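> Any chance you can model this:
(one chain, ligands or ions: 1)
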Amino acid sequence: MVIKKLLVCATIGIALTGVAAKGAATTCSIKVNGGAYVADITNGKRSYLKCAACHTLPRGEKHRVGPNLGNMFNRPALGATGYKYSNSFRTKAPKWNDENLDDFLAKPSRFTPGTKMVFSGLSSQQERVNLIGYLKSATGSGGC
Ligand code: HEC
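Below you'll find the model as predicted:
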């Protein structure tokens with residue numbers, strides 16, 4: 001009897017989780033290179049695995065090798081409190097938006113020569129768009 005009740009609870013739990021997942025936004029519009037692209041946030045989350053060793057996303061989490069990216073689209077340039085940016089970054093880092101982040105992620109060392117972010121870049125425009133959508137939603141920045 002107890003086991004049966006547990007099974008019913010588990011089934012309802014799974015069903016509810018399914019509904020919640022379906023209700024969440026999975027795409028949003030990102031404007032880069034003079035065009036509007038559709039970001040697939042689920043794919044963006046997958047791409048983020050390339051970044052996760054060095055960054056955290058929810059606001060207030062710890063810095064790793066790279067700064068926490070919480071609220072990254074709304075904070076001022078060099079806005080990760082208590083993080084020690086490189087000298088190169090201090091001379092060339094903007095307040096982030098779709099356009100400049102797209103540029104940065106394509107090839108960080110071209111955007112900010114001398115940056116200590118050791119990452120070669122993402123050559124696919126669609127992958128960058130997906131990732132920007134995911135970053136907006138997962139950093140609490142709004143807009144996705
Ligand atoms: C090997 C570690 C590493 C990886 C991998 C990495 N980053 Fe970084 N990232 C850094 C470091 C270090 C900095 C600080 C750069 C500096 O001060 O020169 C940084 C800076 C940044 C910034 C600027 C933050 C700010 O406060 O202005 C963004 C945005 C960013 N990274 C996004 C990403 C994304 C998205 C990915 C994955 C595609 C990624 N990074 C992959 C280490 C990394």
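> The chain against the ligand: which residues are in contact?
Applying Cβ under 6 Å from any ligand atom, we find that the chain lies next to the ligand at 50-51, 53-55, 65-67, 69, 72, 79-80, 85-86, 88-89, 93, 96, 105, 115-119, 122, 131. From N, CA and C alone the C-beta is placed, and that goes for glycine too.
> Put the buried members of the residues you listed into a ChimeraX selection.
To isolate the buried members of the residues of the chain next to the ligand in ChimeraX, using 16 or more other Cβ atoms under 10 Å:
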select :51,55,66,67,69,72,79,80,85,89,93,96,105,115,117,122,131
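> For the chain, name the helix or strand with the lowest mean pLDDT.
Every helix and strand of the chain was ranked by mean pLDDT, DSSP states H and E. The lowest is helix 2-23, at a mean of 45.
> And the next helix or strand past that one?
Next helix or strand after helix 2-23 toward the C-terminus (DSSP states H and E): strand 27-32.
> any idea of the mean pLDDT for that next one?
For strand 27-32, mean pLDDT rounds to 95.
> Not counting its own residues, what contacts it?
The contact list for strand 27-32, computed with Cβ atoms under 8 Å, 6 or more residues apart in numbering, reads 36-41, 98-99, 102, 125, 128-129, 132-133, 136-137, 143-144.
> Tell me which stretches of this protein form strands.
Secondary structure of the chain by DSSP state E: the strands cover 27-32, 35-40.
> out of the ones you listed, nearest to Phe111?
Checking those against Phe111 by Cβ to Cβ gives strand 27-32 as the closest, at 13.8 Å.
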